[in-house]
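Enquirer: please work out how this folds:
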Amino acid sequence: MKISQRYLHRLIREELHRITEKQTMLSSPFSAGPIEQMATVPRPYITLRIDSRDAPNESVALHRFEDKIRSLGDSPSEYSMTCSQEAGGWQCQAVKYHSGGGEQGLTFPEEEGSASQISEQITLRLRGHSDWQGWASGIYEEDEEEDDDADESHHIIESKYAGMSVSDVLSFFERYSGNTWIFFDTETMGFKPHEQQLTEIGAIAISPDGWAGDPQVLGMFNEKITLQPDTVKRIEKHKALSPEEKKERGGLTAPEILSMTRYGERGREYKDEQEVLSGFFEFVGSFSNPVLVAQNASFDMEFISVRSGGRLGRYPVIDTMRIMQLFLIPLLQTMRDSGDTEASEFLEKLRGRRGYSASMGVVSAVYGISTDEWHNALADVQMLMKLFQHVIDTLRGGEDVDISQRHSQAAKRFRTRRR
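Expert: Below is the predicted model of the structure:
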C-alpha cells in the first residue's frame, strides 16, 4: 500500500509528538537523511485559544481561526486545521506543510507499506539519528502537558481528512487497529447543550480485528437520564400548544422528541445526568487506548463536553458522517462517472433535496441494515457498527480508484459552509 506525501507528513509529525512528549512545533535549521522524493516535517505549528463566548460551535471557531491566520499574512488553505472543544472554549491548532530539502527540516523519502510499518520506519529513523533528541528539542518548545494524540483529541474533522486518498483513509484506520474502538451515541432534548439536557447515552466497546469480520465486543454501556425540572416545564408548555401554535413554532415539540427517542420505557432505571456522564467516562477510561466513534461526532462531543463541564478526557475521535461525505460518496461518484451502474443505483437511493445524504438511517437502509430502532441510543450504536463495516468494505473495493477530484469538491463545500 502506498500512502500520499501529505499523510506521511502527518505520520512524521505524530511520531515526533510521541517521541518528545511536547507540543509546540517551531522551526529547525537541521536536515538529515538521503534526499529522494522528499516528504518534509510540516511547519510552522500555530495554536490559538478561542473563548466559547466568541465561538459557540466548531464551525465558528474554525472560521475565527482562519481569520487569525489571515491576520498573520498567511493563507488558511495552506494549513491543516483542527479545533478541539475544551472547558470554556476551543483549542485550535494548524500545521503548515512545505516541500523541499536542504536547510528546511528533517526529511524522509516517500515510503511504501502499511501505516503501522511506515510508523515503525519513521520511529527508527528518528531514534536512529545520532542527535534526534537535540534536534527535537531544537524544534519543540514545551507549552503544557498534553496527551500524545493531543492534535487528534475530541474531533477528527474534515480538515484532518482533506487531501487523503481512499488508500490513505484505510491506512488511517489501520493505525488504530490495536486500539479499543468505542462506538457511542447520545439522545438529547434538542440542539442547544447549554439549555437542553441529555436523555440517554449508549456505547459499545469493540476490538476491530482489522475489520475483517465481526468485531469482538468488549463491553456495553447504556443509561437513561432523569428529566430535569426545566425539561419537565418545557414538556408541559409544549403539551398546551394548539395545533396552530405547533405549526407556527416549527420543529419537534419536547413530547415528540421523547417519543421519537423512546424515552419512558418501563422497567428501566433513570439516573441523574452527571452520574450517567461520570459512568460513561469511567467506561471509556477502563479500556486500553480508546478511540471514540460517532455519527456527526461534533454534535455528540459538544453535548457531552458542555453538559459535563469539560470532564471528558482527550481521545481520538472518528466521525463516520465525514468518512461517508469525503470518501464513500466521492468514491461512488467516481465509479458512476466511469460507468459503474451499481454505484449509480446506490447514489440514486442516497439522493436528497440538497445532494447525496450521509445520514446514518438513509445510508444504512441502502446497505440493507434495519433502521427500525433508529433514534434509540444503543440501537443506533449497533446500527452504526454495521454501517461502518459496510463502508470499510466498499472503500476497500475501491482502494485503487482516484477520487481526488470528487473528494476535493466535497472538502471545498465544507470549507465554504464554514465561512
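
Enquirer: could you list the low-pLDDT ranges of the stretch 151-300 of the chain?
Expert: Residues of the stretch 151-300 of the chain that meet the criterion pLDDT under 70 lie in 151-160.

Enquirer: send me stretch 84-97 as PDB with only the CA atoms.
Expert: Listed next in PDB are the C-alpha coordinates belonging to stretch 84-97 (Å, rounded to 0.1, in the frame of the first residue of the first chain):
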ATOM      1  CA  SER A  84     -10.900  20.800  19.800                       C
ATOM      2  CA  GLN A  85     -13.500  21.800  22.400                       C
ATOM      3  CA  GLU A  86     -12.200  22.300  26.000                       C
ATOM      4  CA  ALA A  87     -13.800  23.800  29.100                       C
ATOM      5  CA  GLY A  88     -14.800  27.300  28.300                       C
ATOM      6  CA  GLY A  89     -13.700  27.400  24.700                       C
ATOM      7  CA  TRP A  90     -11.700  25.900  21.800                       C
ATOM      8  CA  GLN A  91      -8.100  24.900  21.400                       C
ATOM      9  CA  CYS A  92      -7.300  25.400  17.700                       C
ATOM     10  CA  GLN A  93      -4.200  24.100  16.000                       C
ATOM     11  CA  ALA A  94      -2.800  24.400  12.500                       C
ATOM     12  CA  VAL A  95       0.200  22.800  10.700                       C
ATOM     13  CA  LYS A  96       1.600  24.300   7.500                       C
ATOM     14  CA  TYR A  97       3.100  21.900   5.000                       C
END
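
Enquirer: for it, what is the distance to the chain centroid?
Expert: With Cα atoms, centre = their mean, to the nearest Å as the basis, stretch 84-97 stands 14 Å off its chain's centre.

Enquirer: need phi/psi at the most far-flung residue of the chain relative to its centre.
Expert: In the chain, the residue that sits farthest from the middle, by Cα atoms, centre = their mean, is S242; the gap is 41.1 Å. For S242, the backbone dihedrals (degrees, to the nearest 10) come out as phi -80, psi 160.

Enquirer: quick one: I329 and L350 touch, right?
Expert: Yes: with contact taken as Cβ atoms under 8 Å, I329 and L350 are classed as touching, separated by 7.1 Å. (Each C-beta comes from the backbone N, C-alpha and C, glycine too.)

Enquirer: between those two, what contacts are shared?
Expert: Here I329 and L350 have Y356, A358 as joint contacts, going by Cβ atoms under 8 Å, 6 or more residues apart in numbering.

Enquirer: which of those two has more neighbours?
Expert: For I329 versus L350, neighbours defined as other Cβ atoms under 10 Å are more numerous around I329 (23 against 19).

Enquirer: show me the contacts for that one.
Expert: With Cβ under 8 Å, 6+ apart, I329 has these contacts: L347, L350, Y356, A358, R406, A410.

Enquirer: likewise for I235?
Expert: Residues near I235 by Cβ under 8 Å, 6+ apart: L227, A254, P255, L258.

Enquirer: what helix or strand is L218 located in?
Expert: Secondary structure from DSSP states H and E places L218 in strand 216-225.

Enquirer: distance between the ends of stretch 241-259?
Expert: 17 Å (Cα to Cα, to the nearest Å).

Enquirer: now swap in stretch 348-359 and tell me
Expert: 14 Å.

Enquirer: quick thing: my sequence starts at 31, can you match it?
Expert: With 31 as the first residue, the last one maps to stretch 378-389.

Enquirer: look up the pLDDT of the closest residue to I353 other than its chain neighbours for me, please.
Expert: Once flanking residues are discounted, I353 sits nearest to V421: 6.3 Å by Cβ to Cβ, 6 or more residues apart in numbering. As predicted, V421 sits at a pLDDT of 97.

Enquirer: re earlier: report the buried residues of the helix or strand following the strand holding L248.
Expert: Downstream of strand 246-255, the next assigned helix or strand under DSSP H and E is helix 259-269. For helix 259-269, burial by neighbour count (16 or more other Cβ atoms under 10 Å) applies to T261, R264, I265, H268.

Enquirer: repeat that for stretch 326-333.
Expert: A327, S328, F329, D330, M331, E332, F333.

Enquirer: what's the closest of these to S400?
Expert: D330 (21.9 Å; Cβ to Cβ).

Enquirer: correct me, but that closest one touches F214?
Expert: Yes: contact criterion Cβ under 8 Å: D330 and F214 qualify, at 6.9 Å.

Enquirer: need the overlap of contacts for these two.
Expert: With Cβ under 8 Å, 6+ apart, D330 and F214 have common neighbours A324.

Enquirer: about what we covered before: could you list which of the buried residues of stretch 326-333 belong to helices?
Expert: Of the positions in the buried residues of stretch 326-333, A327, S328, F329, D330, M331, E332, F333 sit in helices, assigned by DSSP state H.

Enquirer: and the fifth one, how far from R344?
Expert: Distance check for M331 against R344: by Cβ to Cβ, to the nearest Å, it reads 11 Å.

Enquirer: now swap in the third one and tell me
Expert: When Cβ to Cβ is applied, the distance between F329 and R344 equals 19 Å.

Enquirer: the second one now?
Expert: Between S328 and R344 the distance is 15 Å, computed by Cβ to Cβ.

Enquirer: equivalent analysis for the first one, please.
Expert: Look at A327 and R344: by Cβ to Cβ, they are 14 Å apart.

Enquirer: ok, then the element right after the helix or strand where R100 lies?
Expert: In the assignment (DSSP H and E), R100 maps to helix 88-101. Remark: after helix 88-101, the chain's next helix or strand is strand 109-116, criterion DSSP H and E.

Enquirer: next, the angle from that next one to helix 88-101.
Expert: Interaxial angle of strand 109-116 relative to helix 88-101 (axes from the mean of the first three to the mean of the last three Cα atoms, to 10 degrees): 130 degrees.

Enquirer: noted, bye for now.
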